[in-house]
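> sequence and predicted model, in that order:
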Amino acid sequence: MNLEALLGQVSAGSLTPEHALKLIRASAETDIGFAHVDLHRLHRRGFPEVIYCPGKTSDQIIAIMKSLSGAAQNSFATRASPDQFTAIHRVFPSAVYHAVARAITLDVTPLPPPQGQVLVMTAGTSDIPVAEEAALTAERLGAHVSRLFDVGVAGLHRLLTHLDELKKARVIIAVAGMEGALPSVVGGLVNVPIVAVPTSIGYGAHLQGWTPLLAMLNSCSPGISVVNIDNGFGAGVCAALINHPPSS
């Protein structure tokens with residue numbers, strides 16, 4: 001909806017304020033029975049509603065995508081399975097499955113041009129799926145993203161050889177399992193915000209991600225924010241907003 005044109009009609013007297021309010025409310029969301037699709041999120045937050053796939057049927061995901069596409073908004077579905085993508089691809093042949101990130105994208109309008117610099121890094125190779133979810137999210141929100149994988153503290157020299165790359169970033173997403181030391185080490189080397197992501201990668205006392213989560217929360221390096229275990233999506237949104245805050 002073109003709000004400027006709508007307000008112009010109200011100002012000209014061709015549309016009553018009450019009718020304009022009804023139109024705005026109707027355009028803000030779509031009730032499809034099992035979900036209220038938030039069509040106003042794009043204007044309110046700067047990016048469309050994102051679909052979290054676990055617990056949803058393929059038909060439900062498809063219906064939400066139809067609502068978003070009908071409003072000329074792109075679809076981004078996280079934690080999607082290959083079976084869900086197969087069903088979605090039959091309806092939307094232009095949909096793309098990002099296997100490592102476990103996400104589906106369906107673009108009906110151009111993405112914002114990439115700006116700034118977000119660096120997504122991992123301690124180990126096993127952390128890459130969460131990191132790719134973060135990287136893809138940040139890219140879709142208009143960030144220029146670079147990747148640096150498998151540079152954990154078990155081989156500190158690997159990290160130090162990329163110090164120049166770290167210092168060029170506007171914000172860093174550090175993804176780590178095991179003891180979760182990577183964000184603290186990076187925090188002592190750079191002067192930019194760090195978004196730390198604990199992963200559920202590790203042995204017994206790692207406790208499915210609780211150990212790195214608590215380690216990151218208790219880091220003595222200032223400037224580190226921590227998202228939930230395996231929450232690459234949340235880290236990507238946070239980093240993208242730091243990298244390029246939306247205009248008011």
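Done, it's in. Numbers count the residues shown, from 1 in each chain.

> buried stuff in whichever strand or helix holds residue 68?
Using DSSP states H and E, the element containing residue 68 is helix 58-70. Residues 58, 60, 61, 62, 63, 64, 65, 66, 67, 68, 69 are the ones in helix 58-70 that count as buried (16 or more other Cβ atoms under 10 Å). In short, each C-beta sits where N, CA and C put it, glycine included.

> again with stretch 168-176
Result for stretch 168-176 [16+ other Cβ under 10 Å]: buried residues 169, 170, 171, 172, 173, 174, 175, 176.

> what's the following helix or strand past the helix holding residue 68 packed up against?
Heading C-terminal from helix 58-70, the first helix or strand you meet, by DSSP H and E, is strand 75-78. Counting by 3 or more Cβ pairs under 8 Å, 6 or more residues apart in numbering; DSSP states H and E, the packing neighbours recorded for strand 75-78 are strand 51-52, helix 58-70, strand 103-106, helix 128-140.

> the residue nearest to residue 181 when sequence neighbours are not counted and residue 52, how far apart?
Counting by Cβ to Cβ, 6 or more residues apart in numbering, the nearest residue to residue 181 once its immediate chain neighbours are dropped is residue 153, at 4.8 Å. Distance from residue 153 to residue 52, counting by Cβ to Cβ, to the nearest Å: 32 Å.

> the two: which is more packed in?
Each of residue 153 and residue 52 has its neighbours counted (other Cβ atoms under 10 Å); residue 153 has more, 17 against 13.

> so where do the helices sit in the protein?
3-12, 17-28, 41-45, 58-70, 82-91, 128-140, 156-160, 163-168, 182-187, 210-217, 232-243 (DSSP state H).

> and these: which comes nearest residue 198?
Set against residue 198 and scored by Cβ to Cβ, the helices of the chain come closest in helix 210-217, at 3.7 Å.

> could I have the closest one exported to PDB, CA atoms only?
In PDB, the C-alpha atoms belonging to helix 210-217 read as follows (Å, rounded to 0.1, in the frame of the first residue of the first chain):
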ATOM      1  CA  TRP A 210      24.800 -24.700  27.500                       C
ATOM      2  CA  THR A 211      28.600 -24.700  28.200                       C
ATOM      3  CA  PRO A 212      29.500 -22.300  25.300                       C
ATOM      4  CA  LEU A 213      26.300 -20.200  26.000                       C
ATOM      5  CA  LEU A 214      27.400 -19.600  29.600                       C
ATOM      6  CA  ALA A 215      31.000 -19.100  28.600                       C
ATOM      7  CA  MET A 216      30.000 -16.400  26.100                       C
ATOM      8  CA  LEU A 217      27.700 -14.700  28.600                       C
END
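
> what's it packed up against?
Where contact means 3+ Cβ pairs under 8 Å, 6+ apart, helix 210-217 is packed against helix 182-187, strand 194-198, strand 224-226.

> quick one, phi psi at the residue of the chain positioned farthest from its centre?
What lies farthest from the middle of the chain is residue 13; by Cα atoms, centre = their mean that is 42.2 Å. Note on residue 13: backbone dihedrals following degrees, to the nearest 10 are phi 90, psi 0.

> state the pLDDT value of it.
Predicted confidence (pLDDT) for residue 13: 85.

> please apply the same query to residue 22.
Looking at residue 22, its pLDDT stands at 63.

> residue 26 too?
On the pLDDT scale, residue 26 is placed at 56.

> for the one 4 residues further on, same thing?
Among the per-residue scores, residue 30 holds a pLDDT of 73.
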